[in-house]
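Trainee: please find the sequence and the predicted model below.
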Amino acid sequence: MTRREIFSLLRTLLLTLAVVMLLLNVWFSQTREENWQTPVTAWMYPINADGEIATQTWIDQLSDAHFDDMERFFDREAARYRLGLERPIQIQLAAQINAIPPDIPLEPSIVDAVIWALKMRYWVWKYDDTPREPRAIRIFIRFYAPDNPGPMQHSLGLQKGLIGLVNGYAGGEHAGRNNLVAAHELLHTLGATDKYDMDTLEPIWPDGYADPTQFPLYPQTRAEIMSGRLQVSPGWLLLPPSLDHAVIGPATAIEINWLSAGN
Ligand SMILES: [Zn+2]
């Protein structure tokens with residue numbers, strides 16, 4: 001092969017790679033429309049992320065009841081939007097997975113994000129061989145012992161693939177917050193987008209506020225679930241302790257098809 005031929009081949013390869021990445025990106029960002037005629041099941045898979053005995057003890061005593069506050073939250077919010085389903089999202093505990101999911105890149109480029117999403121889907125395929133209904137959502141919760149010194153990884157929800165990855169601390173006092181994060185990632189899989197500023201973590205007004213038209217605006221006492229935090233006053237952010245202090249705002253309700261945009 002001449003040098004020219006090699007260059008030409010390389011160029012073709014690179015172009016093909018670029019097109020493949022582009023197509024994968026389009027495929028992964030496709031929206032899934034849930035029509036809410038019947039309930040959706042979300043399976044929660046615990047993972048012992050640090051291998052600690054305390055973490056395992058916590059996982060061993062988990063049951064479906066541990067996620068009741070998530071079901072209550074979705075029931076209550078669905079009723080507000082007159083969805084017509086008493087229990088739109090059923091939460092079920094799945095068997096523990098004895099493997100660690102691929103690390104989420106810290107500040108991913110589009111290429112990193114696509115590669116991670118591919119790795120994650122391969123990981124799920126490899127370690128979860130339980131057949132699930134096609135609309136089922138899978139949320140993987142990496143539990144850490146509360147005294148774990150290492151920083152926790154990001155939580156993340158993938159719409160395409162209906163997969164969420166959540167980090168949580170073992171122990172009853174953290175359960176409310178873990179489930180708040182799990183509900184946030186679960187809503188990502190249904191098409192909801194973040195409603196906070198990525199740099200400051202502050203909720204974006206009005207969509208990221210639970211009570212955007214309240215006067216005076218501060219203190220907010222509840223959080224919109226897709227902003228996750230509530231603004232007590234300018235410069236004072238609070239992560240609510242449980243889903244009792246969170247709502248699904250109209251912008252999120254439109255994204256997950258609980259409310260039509262014309263309403
Ligand atoms: Zn998010």
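Mentor: In hand now; what should we look at?

Trainee: rest of the way, CA atoms for contacts and neighbours
Mentor: OK.

Trainee: how about the residue minimising distance to the centre of the chain: what's its closest non-neighbour residue?
Mentor: In the chain, the residue lying closest to the centroid (CA atoms, centre = their mean) is residue 185, at 1.5 Å. Closest residue to residue 185 in three dimensions, ignoring its sequence neighbours and counting by CA to CA, 6 or more residues apart in numbering: residue 157, at 4.6 Å.

Trainee: report the rounded mean pLDDT for the helix or strand containing residue 143.
Mentor: Following DSSP states H and E, one finds residue 143 within strand 137-144. Throughout strand 137-144, pLDDT has a mean value of 95.

Trainee: run through who's touching it.
Mentor: Contacts to strand 137-144, defined as CA atoms under 8 Å, 6 or more residues apart in numbering, come from residues 40-50, 52, 55, 162-170, 182, 186, 189.

Trainee: so what strands line up beside it?
Mentor: Strand pairing for strand 137-144, using DSSP bridges, gives strand 40-48 (parallel), strand 163-169 (parallel).

Trainee: quick revisit: list the residues that contact the residue nearest to the centre of the chain.
Mentor: Here residue 185 is in contact with 155, 156, 157, 164, 165, 166 (CA under 8 Å, 6+ apart).

Trainee: could you look up the SS state of it?
Mentor: Three-state call for residue 185 (DSSP: H, G, I helix; E, B strand; the rest coil): helix.

Trainee: state the distance from it to residue 238.
Mentor: In this view, residue 185 and residue 238 are 18 Å apart by CA to CA, to the nearest Å.

Trainee: residue 165 too?
Mentor: Computed with CA to CA, the distance linking residue 165 and residue 238 is 22 Å.

Trainee: same thing with residue 189?
Mentor: Residue 189 is 24 Å from residue 238, by CA to CA.

Trainee: between those two, which is the more surrounded one?
Mentor: Taking neighbours as other CA atoms under 10 Å, residue 189 and residue 238 compare with residue 189 leading, 24 against 16.

Trainee: cool, thanks, talk later.
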